[in-house]
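[1] Task: produce atomic coordinates for the following.
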Amino acid sequence: MIIKTPIIPIKQTFAKVDAPHDLHLEAICIFAATGFFLDQDTYWKDEVVLPAASICELDADGVLQSVTPWFTWEPTPSSMSFDAALDAFSELFKTITAEQIGKKPVILPLSGGLDSRTQAIVLKALGADVHAYSYEFENGYPETKIAEQIAQQCDFPFSSFKIPSGYLWNQIDALADMNGCYSDFCSPRQLAVLEELKKMPGVFSLGHWGDVLFDDMGVSKNLTLDEQTDVVIQKIVKRGGLDFAQTLWDTWDLEGDFKAYFYTRVRDLLKKINIPEDANTQIRAFKSLYWAPRWTSINLAVFEAAHPISLPYYDDRMCAFISSLPEAFLAGRRLQIAYIKKHSPELAQLTWDFYHPLNLYTYTNYKKKSGFGYRALNSLRYRAKLAMGKTVIQRNWELQFLGDENDAALKGYLFSEDLETLVPKAVTETIYKQFKTGDSLLYAHRVGMLLVFSVWASNFNNSWIGSD
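    Numbering: from 1, shown residues only. Prediction:
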């Protein structure tokens, strides 16, 4: 059997390899550090995920025989001007979106950023029947305000949702079935409003990965391979993740040192990509090959539990187009900003949340001396709420792990016999105590991963997941 995987796969496709049916503890350590499995790794040594952008041959028993890349992220530069590139992007984006949505109604998640704003423009131009929505954390930043303004400008019906505290516990097993325990459980906050989303007819138009494709990586083009490795590790490792992974590595008495193993794995993957022209291009390629399909794509299954999904930025043609552009066209979101300004100056005048309260015409002032007042004001607003004794929710895990009811549910998983089959109770107790009495932000990722391990050990351990 021959399987050709997309440049950025939406789903994991599993295959067997000739190896013992043992836990792949080294791979699990990387998962503990980053929140996603690296390359083709899974929980098991005899199970792999087919790599992105590859032609894969499997035998009749589903054992992987060979892998041949059919696309590389190596630049294919053209001589087009920026204006020509903008026109080419505009036409390609419209074509892809039209093909993906067909004649169906469209459900559009909106934020205050650029990717969904760009989608809103093309969907309005296509005359699509769009219902937009956004959500924000209970007692959190009012994220839906800008999204609603975008919807109003486009004449889209709009729904605003609050992500409530503790929604996870009644749906955690369903989420485990959706993502196979290949991601943390706090990232897909759309789970909280899944039943409401099911009531909206149509197909999702999702803006995932636009922020990576249409930006540089913020590094010098001349970074050495070792320097790139350091940058990638800094980008993908979660807070406290390296120490957590090293703890598991030592607990499981694995040979050598985790950090050395991890560094070598990342460096080898970067070396294999081999784009010497610009470190930004190479790091984008790494993220698209190994981060997008193994982290970003995983929880797309939550959207699919409600309706079919479409992802214009995932399209093979869009990826190939990105490879044809100079980094200068992508750096600082230049192409997307120009697109919005050209096709909808009204939307360009709305606040860009990353540079609140500035817009696409004024955001460059944010980091200048003239923007000091804006930066200070944003900080003061947050501090004022804290001073008034108000809870300010900034992260989804705070809604799931903090408070007595959440704590009781969390402890039920962390101190289960299932988790003890993978992580000794003493390790869990230490991490939990540090989370409760120390810097909760530093230990939240470790607690979240222990929760994933507990649910995985209960639902999937010693079972063969097989192919999607």
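
[2] can you tell me how far Gly207 sits from Ala128?
    15 Å (Cβ to Cβ, to the nearest Å). All C-beta spots, glycine's among them, are computed from the backbone N, C-alpha and C.

[3] and if you look at Gly240?
    From Gly240 to Ala128 the distance is 43 Å (Cβ to Cβ).

[4] Over to Pro51?
    34 Å.

[5] of the two, who's got more company?
    Ala128 (23 against 18; other Cβ atoms under 10 Å).

[6] Report the contact partners of the residue positioned nearest the centre of the chain.
    By Cα atoms, centre = their mean, the chain has its centre lying nearest to Thr296, at 3.4 Å. Counting by Cβ atoms under 8 Å, 6 or more residues apart in numbering, Thr296 touches His208, Trp209.

[7] Do you know the pLDDT at it?
    At Thr296, the pLDDT value in this model is 98.

[8] wait, what's in contact with Leu325?
    Contacts of Leu325 by Cβ under 8 Å, 6+ apart are Pro77, Ser78, Ala85, Leu335.

[9] Out of those, list just those in strands.
    Using DSSP state E, no member of the contacts of Leu325 falls within strands.

[10] now, which of those lie within helices?
    Among the contacts of Leu325, the members falling in helices are Ala85, Leu335 (criterion: DSSP state H).

[11] and the contacts of Leu325, which are buried?
    Buried members of the contacts of Leu325, scored by 16 or more other Cβ atoms under 10 Å, are Ala85, Leu335.

[12] Can you tell me which of the contacts of Leu325 comes closest to Ser159?
    Taking Cβ to Cβ as the measure, Leu335 is the one of the contacts of Leu325 closest to Ser159, at 30.1 Å.

[13] That closest one reaches Ala84, doesn't it?
    No. Counting by Cβ atoms under 8 Å, Leu335 does not reach Ala84; the two are 11.5 Å apart.

[14] any weak-confidence spans in the stretch 251-400 of the chain?
    Within the stretch 251-400 of the chain, the ranges that satisfy pLDDT under 70 run 369-391.

[15] how about 50 then?
    Scanning the stretch 251-400 of the chain for pLDDT under 50 picks out the ranges 375, 379-389.

[16] Helices of that one, residue ranges please.
    In the stretch 251-400 of the chain, the segments counted as helices under DSSP state H, counting those that start in this stretch are 258-273, 279-286, 300-304, 316-323, 327-330, 334-343, 345-348, 372-387, 396-401.

[17] one step back: any chance of the contacts of Leu325 in TSV, plus distance to Phe37?
    Output for the contacts of Leu325, formatted as TSV (distance: Cβ to Cβ, whole Å):
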residue	distance to Phe37
Pro77	33
Ser78	35
Ala85	35
Leu335	32
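
[18] Widest-spaced pair of the contacts of Leu325?
    Pro77 and Leu335 (15.1 Å).

[19] Quick check: buried residues in stretch 191-206?
    Neighbour-count burial for stretch 191-206, counted by 16+ other Cβ under 10 Å, picks out Leu191, Ala192, Val193, Leu194, Leu197, Met200, Gly202, Val203, Phe204, Ser205, Leu206.

[20] ok, and what's touching it?
    Stretch 191-206 has contacts (Cβ under 8 Å, 6+ apart) with 97, 100-102, 104-109, 119, 123, 129, 131, 133, 135, 159, 161, 163-164, 167-168, 171, 175, 190, 300, 302-303, 305-312.

[21] Whichever of those residues count as buried, I'd like them selected in ChimeraX; how would that read?
    A single ChimeraX command selects the buried members of the contacts of stretch 191-206 (16+ other Cβ under 10 Å):
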select :97,100,101,104,106,107,108,109,119,123,131,133,135,159,161,163,167,168,171,175,190,300,302,303,305,306,307,309,310,311,312
